[in-house]
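Enquirer: Dropping a prediction and its sequence here:
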Amino acid sequence: MRASLGILSHPRRIRLLLLSGLIGCLLSSGAAISGDYSQDVDRLLDETFRIDISDISVVFDYYPNQSAVDAHAVVTFTMRPGQVIPLIHFDPVLRGHALNEIRLDGEILTYGDEADVRILSLPETTQQALEFQRTLPMGVMHVLEMKYRLTLPQGYPRFSTQVHDLYGRGNEELFPTINSPSEMARHTLTFRIHGDLLFNCIGSGLVEPFHTAAYQEWVLQSERPVASYTVMFALLPQSDTVLGTRNIAGVDVRILAFRGGASIPNAFALLEWWLPELAANFGPFPMPRGLSVLLVTKGGGMEYFGGTITSLWALQHEVFHMYFGCSTVFKTFNDSWLDEAINEWYELSVNPMFYAMYASYRSNWVGARSPIAVGFDRRAYDQGAHILQAVAAELGGRSQMIAFLRYLHQNYSFAPFDTFEFLDYLRDYAGLDMESRFVRWLFDSTYPSIVTEMALQDELNPQEIPPDLTPPENTLRRYVQKPEGVQ
């Protein structure tokens, strides 16, 4: 029997309620709340996620003919201050994939025995976690090992990430991790392809082939600590794909696409001017191994560390995220409204008629969400861009705002910060205090709940549509088995 337990004790819940009330009271007083809020967020993250991961190493043995992957993951971590019971996010176990072994610091634990492992439902979020019923000391490295089998969809032989940060879906679907933007870890992923079908592989960071007589092998290394949900990889058959490479303004670019699918030359043509523009405004391309693109025909896109899975029309948007979202990182999914807002603002503010958020606007679409909730609010795109236009107006215009964003990127990359810390950096940079306005715009506790507001939005914006990784029909037809008797 699986237990469903809350992580937060009653005193912690009370503190969050008091924090919400504090924000409401401070709306009228105009007092500064950023320090208290940021400290409470840090405390909540420590109490909820409990561990700091330093390294994630996974060996994936992929069997295309079986639509299956055997995996062996090793996670090295320390306990956060004041925490002793570790937990981790790992969705395949919850979905019934085969779990062969769990070892914690060398001890074998039994999944299904609540004396060893419990399933926790995190409050105010759909996220669940595995809690290991062992008391671990602080200040030393601990090692979690998990061996398991992933069952992939039948049909086309593809093994890849498919993250969707709007809904908080990350790589905890493929390996054990903590699904949080602020959980930065080094990743080493080894892919072994068994069988005669040859594959192409692209992904985040350094990707090197080490083929043997027994299997094709690639090793992906992030080379620096990054958030797990920003790690990308894609393995697709060589015979079905085209791989193009080019150096653009000093950036090594690799684009993989289906034969007969999206146009690689058109993607290169777009990047020929887009990458230099971004470098001129925000600094050198922040990914040391360049850019890897899995180019699809339909749908939108998703950004990753040094990579993107995207359609052509979303390519600019996703590449912009290399600067804000994948290197300039925000502390919680709740704070991720900023990377979408910055992205949209940069695109839309070239129009001189693009307006700043009006003073009377009120919402709580950041304040109403828990800092540990997965995903972020969809108003980050439109309303968020108008809020940043208000910042630009205070700074003196678009050029001055770009200069501030360059400062932000160059000084705070890979150092996750929250919404109020963003305002602290704005104050440090320009002496500009916009805290009371941001509280009204994003944290107004008298505004209707986020659930009520979200129910009124019945369509996804184009930016929110995930990329469609389905190959062209002629390609797909070669792999899909028809029932007997069907011609």
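Expert: Sure, I can see it. Numbering: from 1, shown residues only.

Enquirer: Could you count how many residues lie near S228?
Expert: Residues within reach of S228, counting by other Cβ atoms under 10 Å, total 27. Where C-beta positions appear, they are placed from N, C-alpha and C, glycine not excepted.

Enquirer: what do you get for Y358?
Expert: For Y358, the neighbour count with other Cβ under 10 Å is 9.

Enquirer: Helices along the stretch 51-200 of the chain, start to end?
Expert: Under the criterion DSSP state H, counting those that start in this stretch, the stretch 51-200 of the chain contains helices at 91-94.

Enquirer: For it, which segments are assigned as strands?
Expert: 51-63, 68-79, 87-88, 98-104, 107-109, 117-121, 128-132, 142-151, 159-160, 184-193, 199-203 (DSSP state E, counting those that start in this stretch).

Enquirer: can I get the ones you listed in a markdown table with mean neighbour count, mean pLDDT and distance to L271?
Expert: Shown next, in a markdown table, are those (neighbours: other Cβ atoms under 10 Å; pLDDT from 0 to 100; distance: least, Cβ to Cβ, whole Å):
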| stretch | mean neighbour count | mean pLDDT | distance to L271 |
| --- | --- | --- | --- |
| strand 51-63 | 20 | 98 | 30 |
| strand 68-79 | 20 | 98 | 32 |
| strand 87-88 | 23 | 97 | 37 |
| strand 98-104 | 16 | 95 | 41 |
| strand 107-109 | 13 | 98 | 47 |
| strand 117-121 | 18 | 94 | 43 |
| strand 128-132 | 22 | 95 | 39 |
| strand 142-151 | 18 | 97 | 33 |
| strand 159-160 | 20 | 98 | 21 |
| strand 184-193 | 22 | 98 | 25 |
| strand 199-203 | 23 | 98 | 15 |
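
Enquirer: for the ones you listed, which one sits closest to G299?
Expert: strand 159-160 (13.8 Å; Cβ to Cβ).

Enquirer: Which one of the strands of the stretch 51-200 of the chain lies nearest to A356?
Expert: strand 184-193 (33.6 Å).

Enquirer: In its sheet, which strands sit next to that closest one, and in what direction?
Expert: The pairing partners recorded for strand 184-193 under DSSP bridges are strand 51-63 (parallel), strand 216-221 (antiparallel), strand 226-227 (antiparallel).

Enquirer: would CSV of those strands with distance to H386 be doable?
Expert: Converted to CSV, those look like this (distance: least, Cβ to Cβ, whole Å):
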stretch, distance to H386
strand 51-63, 36
strand 216-221, 39
strand 226-227, 27
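
Enquirer: For S182, find the nearest of the ones you listed.
Expert: With Cβ to Cβ as the criterion, S182 lies closest to strand 226-227 of the strands paired with strand 184-193, at 7.3 Å.

Enquirer: Quick check: nearest residue in space to L388, chain neighbours excluded?
Expert: Leaving out its chain neighbours, the residue that sits closest to L388 by Cβ to Cβ, 6 or more residues apart in numbering is W345, at 4.2 Å.

Enquirer: quick one: buried residues of stretch 79-89?
Expert: Within stretch 79-89, the residues that count as buried by 16 or more other Cβ atoms under 10 Å are 79-80, 83, 86-89.

Enquirer: to the chain's geometric centre, what's the distance from it?
Expert: Once both centres are worked out by Cα atoms, centre = their mean, to the nearest Å, stretch 79-89 turns out to sit 21 Å from its chain's centre.

Enquirer: Other residues contacting it?
Expert: Around stretch 79-89, the neighbours that count as contacts under Cβ atoms under 8 Å, 6 or more residues apart in numbering are 7, 46-47, 49-52, 75, 77, 104, 120, 127-138, 142, 144, 170, 172, 176-179.

Enquirer: measure it end to end?
Expert: End-to-end distance of stretch 79-89 (Cα to Cα, to the nearest Å): 15 Å.

Enquirer: Okay, and the residue nearest to L388 sits in which element?
Expert: helix 337-348 (DSSP states H and E).

Enquirer: so where do the helices sit in the stretch 201-350 of the chain?
Expert: Counting by DSSP H, counting those that start in this stretch, the stretch 201-350 of the chain has helices at residues 264-282, 315-320, 337-348.

Enquirer: Just put these in a markdown table and tack on distance to E435, mean pLDDT and mean neighbour count.
Expert: Output for the helices of the stretch 201-350 of the chain, formatted as a markdown table (distance: least, Cβ to Cβ, whole Å; pLDDT from 0 to 100; neighbours: other Cβ atoms under 10 Å):
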| stretch | distance to E435 | mean pLDDT | mean neighbour count |
| --- | --- | --- | --- |
| helix 264-282 | 25 | 98 | 16 |
| helix 315-320 | 27 | 97 | 22 |
| helix 337-348 | 15 | 97 | 23 |
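
Enquirer: right, and those - which one's nearest S399?
Expert: The nearest among those, by Cβ to Cβ, is helix 264-282 at 9.3 Å.

Enquirer: about what we covered before: so which of the helices of the stretch 201-350 of the chain comes closest to Y358?
Expert: Checking the helices of the stretch 201-350 of the chain against Y358 by Cβ to Cβ gives helix 337-348 as the closest, at 15.8 Å.

Enquirer: that older thread, just checking, the residue nearest to L388 touches Q389?
Expert: Yes - counting by Cβ atoms under 8 Å, Q389 is a contact partner of W345 at 6.1 Å.

Enquirer: How about the contacts made by E107?
Expert: R134.

Enquirer: Name the spans of the protein whose pLDDT lies under the cut-off.
Expert: Scanning the chain for pLDDT under 70 picks out 1-35, 449-464, 481-487.

Enquirer: I'd like the distance between the residue nearest the centre of it and N171.
Expert: Of all residues in the chain, the one closest to the mean position by Cα atoms, centre = their mean is Y229, 3.7 Å from it. According to Cβ to Cβ, to the nearest Å, Y229 stands 6 Å off from N171.
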